[in-house]
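> everything below, folded, please.
(one chain, ligands or ions: 2)
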Amino acid sequence: MKIFNAAQIQALDKETVSNQYISSFKLMERATTKVFEKLQTRYKLYQTSFVIFCGTGNNGGDGLTLARLLKEGGAMVKVFLVQTKKYSPDNAQNQDLLEDRDINVEKFNTKSKLKVKKDDVIVDALFGIGLHSPLDEEWRPIFDFLNETPCLERVSIDMPSGLLADVTTPIEAIVFKADVVYTFQLPKTALLLSDAKEYVKELEILDIGLDLDYIESTKSDAYFVEQEKVRNLVKSGTKFSSKDDFGRVILIGGSKGKIGAMTLASKAAMNTGSGIVTTYVPNCGYTILQTAIPEVMCDTCAGEDYIKVFPSVEHYDAVGVGCGLGLHKDTATALVTFLKDNKDKKLVIDADALNIISEQKCLDKVPVESILTPHEKELKRLIGEWDNDFDKIDKVKQLAKKHNVIFVLKGAHTITIAPDETIYFNSSGNWGMATAGVGDTLTGMITSLLGQGYTSKEAAIVGVYLHGLAGDIAIENIHPHSLVASDLGKNISSAYNQIAL
Ligand SMILES: NC(=O)C1=CN([C@@H]2O[C@H](COP(=O)(O)OP(=O)(O)OC[C@H]3O[C@@H](n4cnc5c(N)ncnc54)[C@H](O)[C@@H]3O)[C@@H](O)[C@H]2O)[C@@H](O)CC1
Ligand SMILES: [K+]
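Ligands and ions are numbered 1, 2, ... in the order given. Take a look at the predicted model:
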């Protein structure tokens, strides 16, 4: 699914109205009906009271439409509408439709005293994608009230008001803190970034039937990766496949006390479909690995507790480096030599291998089309501080392009950034996956895919999605708090099955 900026969405809105021969008023009704249907399943309408805060534009128009639909659905509804001289035409038309429907509509301004009861649902329909700059300070008392007053839940239509869709919103800006955001048709970049974590606790994208031809023909360099996209990329075996068809991969890493990282990565590589997996660890890891995973071959180097020499990798289809590697200076020296000696080998680089590359300032030695999978702290060591998520993405885009490598920035919506400057936000995964070893599993999975013949970009996109989906399937039976990295490995098979459906 493409991600558009606000201007592109507004153009899409216009195209839809013209191509589908419907009025913008009808489109608003169609969009809001989708929100209504979601609320209908989230709450028992006839027992729920909604207080809807409406702005002066079409986001406010959505709120007014929703008021009507909720009232017809049996809910209690109260509307607060921003006082102004000029409303958008669809907003004004929806105000007219509220007359004689026994809905209390109270106009307010930034100085008004508002009232919400503790069991009301607050609906925020103040500002959507038409917001062109951060809200003025005069709005602070209203938003402080909306964000702090006790209530059942806070719902935003399209955007949490105050959040800009496609450029950064300053940290101190005034923004509504939504429990759930129902956004229309396509996700907006700001909704997917961790800078918005206080404002978007849950996100749902509602298909409102906007013009597909226009979406198809409009250029975008950002995508939201969903199951359908991954389904088209996933390869499968044939009757006559042999283990050589599924790639021979090697995972290099481990140090005393961190052999578990290699166990997780190797198991995940096997479960993702590699024909042959070899792990290369220091001596102390040998018995552990051979005992933990019979399917994996184990090779060791001269070092007892850490890797002193890297192996020859010319006979492998893909190489994953870094899980549990440690930062010993001999390991660091060996890694730098390894990078210089293997300029033509695509690598998957994680954890301490990334930290060593930062320390040694040798990103330029990383082979082209390698995949780097930093978490937040590893990325900071690599590129320094950033001002905000948009700035972070820009910086990483430049690096990806300069070095011709892929970055996988791990997070809630893990972001894959390719050298051609396209970016992919992942849609699968859950907070239970914020636990040790989950990154090692991902490295094993991506290495496996690379070895199976996926391009670097595909291996990253598919690996990240499958990994998140395995986590989503795991929490069908396990509480997110109890999820551990090995639960992901166990569910890779179910993730494949679900994608194939
Ligand atoms: N694009 C689409 O496909 C659809 C859009 N719809 C709704 O329409 C919304 C967009 O509507 P609009 O374009 O009317 O815009 P909004 O309703 O988001 O906001 C526009 C109003 O906010 C004011 N405003 C903008 N920036 C401001 C600021 N910094 N401080 C104070 N006031 C500010 C504008 O002057 C205008 O009055 C979407 O977010 C969505 O909710 C839906 O009705 C259905 C379809
Ligand atoms: K809103």
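
> what's the helix or strand for the spatially most central residue of the chain?
Nearest to the mean C-alpha position of the chain, by C-alpha atoms, centre = their mean, lies H413 at 1.5 Å. When elements are assigned from DSSP states H and E, H413 belongs to no helix and no strand.

> what sits against it?
Going by C-beta atoms under 8 Å, 6 or more residues apart in numbering, H413 touches L192, L193, F425, N426, S427, G429. All C-beta atoms are positioned from the backbone trio N, CA, C, and that covers glycine.

> got a pLDDT number for it?
H413 is assigned a predicted lDDT (pLDDT) of 95.

> same check, this time on the one 3 residues further on
Looking at T416, its pLDDT stands at 98.

> how about the one 4 residues further on?
What the model reports as pLDDT for D420 is 96.

> next: S242.
For S242, pLDDT reads 78.

> look up how far A190 lies from it.
As judged by C-beta to C-beta, to the nearest Å, S242 and A190 stand 48 Å apart.

> equivalent analysis for T272, please.
32 Å.

> and those two? which has more neighbours close in?
T272 (31 against 24; other C-beta atoms under 10 Å).

> surely that one is in contact with Y465?
No: T272 is beyond contact range of Y465, at 12.0 Å (criterion: C-beta atoms under 8 Å).

> and E204, its phi and psi?
In terms of degrees, to the nearest 10, the main-chain angles of E204 are phi -130, psi 140.

> A268: what's it in contact with?
Neighbouring residues of A268 by C-beta under 8 Å, 6+ apart: D440, T441, L442, T443, G444, M445, S448, L488, G489, I492.

> show me what the host helix or strand of the fifth one is packed up against.
Assessed by DSSP H and E, G444 sits inside helix 438-451. Packing partners of helix 438-451 (3 or more C-beta pairs under 8 Å, 6 or more residues apart in numbering; DSSP states H and E): strand 248-252, helix 259-272, strand 318-321, strand 347-349, helix 351-359, helix 456-474, helix 485-500.

> before we move on, what SS does the nearest residue to I475 once chain neighbours are set aside have?
The spatial neighbour of I475 that comes closest, neighbours along the chain excluded (C-beta to C-beta, 6 or more residues apart in numbering), is G432 at 5.3 Å. Secondary structure, DSSP: H, G, I helix; E, B strand; the rest coil: G432 is helix.

> count of residues packed around G432?
Residues within reach of G432, counting by other C-beta under 10 Å, total 20.

> state the pLDDT value of it.
Listed pLDDT for G432 reads 96.

> what of D394?
Note for D394: predicted pLDDT of 97.

> the closest residue to D330 other than its chain neighbours and V281, how far apart?
On the basis of C-beta to C-beta, 6+ apart, the spatially nearest residue to D330 that is not a chain neighbour turns out to be K308, at 4.8 Å. Distance of K308 to V281, computed by C-beta to C-beta: 12 Å.

> find residues that contact each of the two.
Joint contacts of K308 and V281 (C-beta under 8 Å, 6+ apart) are C301.

> higher neighbour count, the two?
V281 (30 against 15).

> angles on the backbone of whichever residue of the stretch 151-300 of the chain sits closest to ligand 1, please.
Proximity of the stretch 151-300 of the chain to ligand 1 (C-beta to the nearest ligand atom) peaks at D158, 3.6 Å away. Backbone torsions for D158, taken as degrees, to the nearest 10, come to phi 70, psi -60.

> one more: F80?
Backbone torsions for F80, taken as degrees, to the nearest 10, come to phi -110, psi 120.

> what pLDDT is listed against it?
98.

> picking that back up, quick check, nearest of the contacts of A268 to K397?
L442 (21.1 Å; C-beta to C-beta).

> how far off centre is stretch 74-91?
33 Å (C-alpha atoms, centre = their mean, to the nearest Å).

> give me the distance between the two termini of it.
With C-alpha to C-alpha, to the nearest Å as the measure, the ends of stretch 74-91 fall 23 Å from one another.

> thanks a lot, catch you later.
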